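In: kindly generate the corresponding structure for this input.
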Amino acid sequence: MCLAIPSKITRIENDMATIDVDGVQRQASLLLLEDAAVGEYVIVHAGFAIQKIDEAGAMETIRLLKEAAAFVESGGGDPS
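Out: Got it, this is the predicted structure:
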């Protein structure tokens, strides 16, 4: 299973973006997107920004991912 994470672009240099993923800085290629800009949110998969997303959608997705992680960490859903 693959998971694409919403990330905020904080810097662009050539075709590479510095992105912020909930406080963690990473690099992502912008080769697959046209007209990406600093401050926008993108979906990043395998090191490539593959789609732009609005801020509300990005925040909701991040909230749901955190909720799912907390559920797994708490042992929720464990049949044993």
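In: how far away is residue 15 from residue 49?
Out: To residue 49, residue 15 is 10 Å away according to CB to CB, to the nearest Å. All C-beta spots, glycine's among them, are computed from the backbone N, C-alpha and C.
In: joint contacts of those two?
Out: Residues touching both residue 15 and residue 49 (CB atoms under 8 Å, 6 or more residues apart in numbering) are 29, 30.
In: neighbour count winner among the two?
Out: residue 49 (25 against 13; other CB atoms under 10 Å).
In: state the distance from residue 13 to residue 4.
Out: Distance from residue 13 to residue 4, by CB to CB: 23 Å.
In: now do the buried residues in the helix or strand hosting residue 59.
Out: Element membership for residue 59 (DSSP states H and E) is helix 55-73. Using 16 or more other CB atoms under 10 Å as the burial criterion, the residues of helix 55-73 that qualify are 58, 61, 62.
In: returning to that earlier point: of residue 13 and residue 4, who's got more company?
Out: residue 4 (16 against 9).
In: surely the more buried one and residue 45 touch.
Out: Yes - contact criterion CB atoms under 8 Å: residue 4 and residue 45 qualify, at 4.1 Å.
In: start and end of stretch 41-53, how far apart?
Out: 5 Å (CA to CA, to the nearest Å).
In: rewinding a little: now for the helix holding residue 59, which elements pack on it?
Out: strand 5-13, strand 41-45 (3 or more CB pairs under 8 Å, 6 or more residues apart in numbering; DSSP states H and E).
In: of all those, which one comes closest to residue 24?
Out: Among those, strand 5-13 comes nearest to residue 24, with 9.2 Å by CB to CB.
In: what does the next helix-or-strand element following that closest one contact?
Out: Using DSSP H and E, the helix or strand that follows strand 5-13 towards the C-terminus is strand 16-21. Strand 16-21 has contacts (CB under 8 Å, 6+ apart) with 5, 7-12, 25-30, 36, 42, 44, 49.
In: do the same with stretch 57-71
Out: 3, 5, 6, 7, 8, 22, 41, 53, 77.
In: among those residues, name the buried ones.
Out: Buried, going by 16+ other CB under 10 Å: 5, 6, 7, 8, 41, 53, out of these.
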